[in-house]
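[1] Quick one, what's the 3D model for this:
(2 chains)
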Number of protein chains: 2
Amino acid sequence: MVAASRLERLLAALQRLPGVGARSAARMAYHLLQHDRDGALALAQALREAVEGVRHCASCHTLCEQEVCATCADPARDASQLCVVETPADQAALERTGTYRGRYFVLMGRLRPLDGLGPEASGVRALLQRLQTDAAVQELILATSFTAEGEATAHVLAQLGRSLGLRVTRLARGVPLGSELEFVDLGTIAHALADRRPT
Amino acid sequence: MVAASRLERLLAALQRLPGVGARSAARMAYHLLQHDRDGALALAQALREAVEGVRHCASCHTLCEQEVCATCADPARDASQLCVVETPADQAALERTGTYRGRYFVLMGRLRPLDGLGPEASGVRALLQRLQTDAAVQELILATSFTAEGEATAHVLAQLGRSLGLRVTRLARGVPLGSELEFVDLGTIAHALADRRPT
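    Alright, predicted model coming up:
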């Protein structure tokens, strides 16, 4: 009675966004219709253009507009190393370090067995295809998150890599730079102790 | 380098939504492009339709698709009482009590002086127009939020109503049903004590 049907459809569509419930959707809809109708039209346009024009890079599976993304198209990249990350943001963080010159594979997700997201949904299948067709890869560097799901994903990918005869490595776990030990969680300290290295 | 331009435009457009920053926008964009392209198109369509078809009710200022919303079009409503609420959700909450048969005015916001939102942006001007043209209104019931901004809005509206010779009332402040006094904040208890009533 209070809300009209176009408004209801907008509220329902906004709630398909991750992390948006009924209250956030209402706040967004009222804001757009009340204060930013241009923003609403710009978002509609951007959504349509992205759906039409953004696809997966045929090589690294990230989202891009070309057949192959700029990073994969760079011939200066070392094809023997393949670093697996979860998202383009993770890839960007590694790139900003300026210390990695190998190639990437972007899962665009991670295994989430509790949510029913297996290898199909999470890019693991696309990675398998890449590894089966790209003979140049010798080392698989696992840079998924150090969370339960990221670790589970790394575990599955490590088995996959070893079954294909690749060298499989994982980013080092340890104490972050600038930390005082007193404030570092115990699991991290235990890992740093177990993985201690001669200096 | 990592993100393509259509993706960047989508990220920028998503960040125009209230409460959505760079990280949420990325999560939304990746989710839509990865798992729910139908959802993205549905949202684009819903946004466009809402911008084209949703407008303010000429009478109560809520969002609706007709010239006048269903509540305002109901002739059984008591035209002498006008209850001012901030949002359609607040109106719906009052309706669910089943105890109010008067009319409504929906501000679609509240005064937010700190954000530069004065009477223009917040529907107060539209309320003034309504009160100046609707001679049936005798009582203005202020049902804005009991927050700093809601109280400030109520204060301004009370002055407005009194200047027009209306009876102005505010929803009662007091202890919510089902509360134990021990857990009620002191401001609420102080108000309940000051507004105590014979029983």
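[2] going forward, measure contacts between C-alpha atoms and count neighbours the same way
    Will do.
[3] Roughly how far does the residue in chain A positioned nearest to chain B sit from A:Gly165?
    Across chain A, no residue is closer to chain B than A:Ala44, which sits at 3.9 Å (CA to the nearest CA). Relative to A:Gly165, A:Ala44 is positioned 47 Å away (CA to CA, to the nearest Å).
[4] Looking at these two, which one has more neighbours?
    A side-by-side neighbour count of A:Ala44 and A:Gly165, using other CA atoms under 10 Å in any protein chain shown, places A:Ala44 first with 23 against 11.
[5] The more buried one - nearest residue in space that isn't next to it in sequence?
    Ranked by CA to CA, 6 or more residues apart in numbering or on different chains and with sequence neighbours excluded, the top spatial neighbour of A:Ala44 is B:Ala44, at 3.9 Å.
[6] Tell me who's in contact with the one you found.
    If you count contacts by CA atoms under 8 Å, 6 or more residues apart in numbering or on different chains, B:Ala44 has them with A:Leu43, A:Ala44, A:Gln45, A:Leu47, A:Arg48.
[7] Quick check: which element contains it?
    Applying DSSP states H and E as the criterion places B:Ala44 in helix B:37-53.
[8] right, and the helix or strand after that helix?
    Toward the C-terminus, helix B:37-53 is succeeded by strand B:55-56 as the next helix or strand (DSSP H and E).
[9] chain center to that following strand: distance?
    Mean-position distance between strand B:55-56 and its chain equals 14 Å (CA atoms, centre = their mean, to the nearest Å).
[10] That one pairs with which strands, parallel or anti?
    strand B:63-64 (antiparallel) (DSSP bridges).
[11] Now do the contacts for the residue nearest to A:Ala50 when sequence neighbours are not counted.
    Of all residues not flanking A:Ala50 in the chain, B:Arg6 sits nearest, at 5.5 Å (CA to CA, 6+ apart). Residues in contact with B:Arg6 (CA under 8 Å, 6+ apart) are A:Ala46, A:Glu49, A:Ala50, A:Gly53, A:Val54, A:Glu65.
[12] Could you do A:Gly161 as well?
    A:Gly161 makes contacts with A:Leu140, A:Arg167, A:Val168, as judged by CA under 8 Å, 6+ apart.
[13] Around the second one, how many other residues sit close by?
    Okay, so that is A:Arg167. Per other CA under 10 Å, the neighbour tally for A:Arg167 reads 14.
[14] again with A:Leu181
    Using other CA under 10 Å as the criterion, the residues surrounding A:Leu181 number 12.
[15] can you check A:Ala135 too?
    Burial of A:Ala135 is recorded as 10 neighbouring residues (other CA under 10 Å).
[16] Could you do A:Phe105 as well?
    28.
[17] Let me see the mean pLDDT of the helix or strand it falls within.
    A:Phe105 belongs to strand A:102-106 when assigned by DSSP H and E. Mean pLDDT, strand A:102-106: 94.
[18] Moving C-terminal from it, which element do we reach first?
    Sequence order places helix A:124-133 as the next helix or strand after strand A:102-106, per DSSP H and E.
[19] Walk me through the domains of chain A.
    With domains defined by the TED database, chain A comprises A:6-53, A:72-170.
[20] Buried deepest among those domains, which one?
    Comparing these on average neighbours per residue, with mean count of other CA atoms under 10 Å in any protein chain shown, the densest one is domain A:6-53 at a mean of 20.
[21] shaky segments in chain A?
    A:1-4, A:113-122 (pLDDT under 70).
[22] got a list of what the most centrally placed residue in it touches?
    Chain A has A:Thr87 as the residue nearest its centroid, 1.8 Å off, counting by CA atoms, centre = their mean. When the contact criterion is CA under 8 Å, 6+ apart, the partners of A:Thr87 are A:Thr62, A:Val106, A:Leu107, A:Met108, A:Gly109.
[23] how many other residues sit next to the first one?
    Using other CA under 10 Å as the criterion, A:Thr62 is surrounded by 28 other residues.
[24] Just the terminal-to-terminal distance for stretch A:162-169.
    Its start and end residues considered, stretch A:162-169 measures 10 Å (CA to CA).
[25] Each with direction, which strands does the longest strand seen in chain A pair with?
    Secondary structure assigned by DSSP state E gives strand A:78-85 as the longest strand of chain A. Strand A:78-85 has the following strand partners under DSSP bridges: strand A:102-106 (parallel), strand A:139-142 (parallel).
[26] need these in CSV with distance to B:Tyr30, can you?
    Below are those laid out as CSV (distance: least, CA to CA, whole Å):
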stretch, distance to B:Tyr30
strand A:102-106, 12
strand A:139-142, 21
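[27] Which one, of those strands, ends up nearest to B:Thr97?
    Taking CA to CA as the measure, those were each checked against B:Thr97, and strand A:102-106 came out nearest at 52.1 Å.
[28] from the chain's centre, how far out does that closest one sit?
    Strand A:102-106 has its C-alpha centroid displaced from the chain centroid by 12 Å (CA atoms, centre = their mean).
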